[in-house]
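Colleague: Below are the sequence and a predicted model; questions follow.
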Protein chains: 2
Amino acid sequence: MSAASTPESPENGRSRRDELLAIAAGLFAERGFKNTTVRDIADAAGILSGSLYHHFDSKESMVDELLDTFQTELWKKYDAIEASDLTPKAKLEAIVRASFEAIGEHRDEVAIFQNDALHLATFERFGYLIERNRKFRTLWTSLLEAGVASGELRADLDVALVYRFVRDTVWVAVRWYRPGGTLTPADVADQYLAILLEGINHG
Amino acid sequence: MSAASTPESPENGRSRRDELLAIAAGLFAERGFKNTTVRDIADAAGILSGSLYHHFDSKESMVDELLDTFQTELWKKYDAIEASDLTPKAKLEAIVRASFEAIGEHRDEVAIFQNDALHLATFERFGYLIERNRKFRTLWTSLLEAGVASGELRADLDVALVYRFVRDTVWVAVRWYRPGGTLTPADVADQYLAILLEGINHG
DNA sequence: GTCTATACGACGATAGAC
DNA sequence: GTCTATCGTCGTATAGAC
């Protein structure tokens, strides 16, 4: 390794390509995929829009790579939790915590997923989003049902409805959560689980 | 009133203008404001894009009218609840119910608000969205604090965090709620309040 | 790896006939 | 109230020089 490594040199592990992808992620997350132009991305990177096409096939392939990479990583954690020997309720808690951690570590990708995935999924190229969504629903509902069956969770709940509430409440936090504030993802997960499990009623 | 009143006649209370606005609302809600073209709206209405401008100044003025009308109506209900003599907790429940009713009655407008308001609010024309948002936060947090003070709600909660969870969970339901199914807005509100107040933990 | 230059379709919006 | 026709702008993407 030589004396000075510039930010875009491969030595520090971040290629120019990765840098551009991160810039695009920030803009997609902030103003939406369709609402972000390739000129916006190029401007933010200090280059001209045509130069982006030296690194990427298209704007679509950028968001594709962002979402696929993120989801593949996230599912490694989910799969490990599912395969563990925790109780159903403990697995649910672990998944909630892993999800809030994902918001902390990959805010942009989660935001893009929340805001644009539904629309993107209508194109064949993004068909894997539908598949992953189904997998997520199956994971959650089966754990909720197992928790009810084992007596850990209340039996009078509409599992399908609880699933939607929990799923949405976890992910929608990306709209207001900002890393670097006083709350760590673990803090948010603790508070959220306290509400979800015990309610806000005075006991 | 004469023999036959066509759908676009004023006799049945719905002008052609209102019809076009409803068509636009459906498209804005489904694919987003920016992602909906004036040609999409015109196509769905069976006319040409230029003809829309006989009824509306611009695409922006359409979404402006939709959001403003909806919010004005909704806030009449919120103001009445706030001014009532219910306990803080009962007021919170009433606001949750009124919000789910709004999803049932004005799905498109709620969806547009959820998906596009943040971005639209950056333009001066939509400044009232920011003001209404602030009003909503004040209403919720003051009721939560009053509920804690009166002993109706748990004292160990981070009110600002609970506010965000509740606000988001209520409105995000517009993503999956479909009127005409087995669940009425009141059913959804009941289940949601059961989770929020008592938690999903077993007894 | 970035530039200059440009193709070309889609966009919001307008003018005036019917 | 809708049509025909069109304007100017901005969108993604490409080709080839440096």
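Modeller: Received, thanks.
Colleague: Just want the most central residue of chain A.
Modeller: residue A:110 (3.2 Å; C-alpha atoms, centre = their mean).
Colleague: Residue A:140 reaches residue A:167, doesn't it?
Modeller: Yes: the pair residue A:140 and residue A:167 qualifies as a contact (C-beta atoms under 8 Å) at a distance of 6.5 Å. For every residue, glycine as well, the C-beta is placed using N, CA and C.
Colleague: Have a look at the two and say which one is more surrounded.
Modeller: Neighbours were counted for residue A:140 and for residue A:167 using other C-beta atoms under 10 Å in any protein chain shown; residue A:140 has more, 21 against 18.
Colleague: which residue ranges form the helices in chain A?
Modeller: Using DSSP state H, the helices found in chain A span residues A:16-31, A:38-45, A:49-52, A:59-83, A:88-105, A:107-120, A:127-149, A:159-172, A:185-198.
Colleague: Identify the residues contacting the residue nearest to the centre of chain A.
Modeller: The neighbours of residue A:110, taking C-beta atoms under 8 Å, 6 or more residues apart in numbering or on different chains as the test, are A:70, A:102, A:103, A:171, A:174.
Colleague: swap in residue A:185?
Modeller: Contacts of residue A:185 (C-beta under 8 Å, 6+ apart): A:97, A:100, A:101, A:103, A:104, A:105, A:177, A:179.
Colleague: same thing with residue A:127?
Modeller: residue A:121.
Colleague: pLDDT score assigned to it?
Modeller: Among the per-residue scores, residue A:127 holds a pLDDT of 94.
Colleague: separation between it and residue B:171?
Modeller: To residue B:171, residue A:127 is 28 Å away according to C-beta to C-beta, to the nearest Å.
Colleague: Likewise for residue A:93?
Modeller: 25 Å.
Colleague: near chain B at all, the lowest-mean-pLDDT helix or strand in chain A?
Modeller: The helix or strand of chain A with the poorest confidence is helix A:159-172; it has a mean of 93 (mean pLDDT, DSSP states H and E). Yes: shown here: helix A:159-172 in contact with chain B (C-beta under 8 Å from any C-beta of the partner chain) through A:161, A:162, A:164, A:165, A:168, A:169, A:172.
Colleague: Which other helices and strands does that helix contact?
Modeller: The helices and strands touching helix A:159-172, judged by 3 or more C-beta pairs under 8 Å, 6 or more residues apart in numbering or on different chains; DSSP states H and E, are helix A:88-105, helix A:107-120, helix A:127-149, helix A:185-198, helix B:159-172, helix B:185-198.
Colleague: Which one, of these, ends up nearest to residue A:28?
Modeller: helix A:107-120 (4.9 Å; C-beta to C-beta).
Colleague: any idea of the mean pLDDT for that closest one?
Modeller: 96.
Colleague: Next, the angle helix A:88-105 makes with it.
Modeller: Going by axes from the mean of the first three to the mean of the last three C-alpha atoms, to 10 degrees, helix A:107-120 is angled at 100 degrees with respect to helix A:88-105.
Colleague: Output helix A:107-120 in PDB, but only the C-alpha positions, please.
Modeller: Extracted in PDB, the C-alpha atoms of helix A:107-120 (Å, rounded to 0.1, in the frame of the first residue of the first chain):
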ATOM      1  CA  ARG A 107     -31.300   3.500   5.800                       C
ATOM      2  CA  ASP A 108     -31.300   4.400   2.100                       C
ATOM      3  CA  GLU A 109     -32.000   0.900   0.900                       C
ATOM      4  CA  VAL A 110     -34.800   0.400   3.400                       C
ATOM      5  CA  ALA A 111     -36.300   3.800   2.400                       C
ATOM      6  CA  ILE A 112     -36.100   2.900  -1.300                       C
ATOM      7  CA  PHE A 113     -37.700  -0.500  -0.600                       C
ATOM      8  CA  GLN A 114     -40.500   1.200   1.400                       C
ATOM      9  CA  ASN A 115     -41.200   3.900  -1.200                       C
ATOM     10  CA  ASP A 116     -40.600   2.300  -4.500                       C
ATOM     11  CA  ALA A 117     -40.500  -1.500  -4.300                       C
ATOM     12  CA  LEU A 118     -44.300  -1.900  -4.800                       C
ATOM     13  CA  HIS A 119     -44.100   0.000  -8.000                       C
ATOM     14  CA  LEU A 120     -40.800  -1.500  -9.200                       C
END
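Colleague: now it against helix A:59-83, angle please.
Modeller: Using the same axes, to 10 degrees: helix A:107-120 against helix A:59-83 is 110 degrees.
Colleague: Within range of DNA strand D, give me the residues from chain A.
Modeller: When proximity is defined by C-beta under 7 Å from any atom of the strand, chain A lies next to DNA strand D at A:36, A:37, A:38, A:39, A:49, A:50, A:53, A:57, A:58, A:59, A:60.
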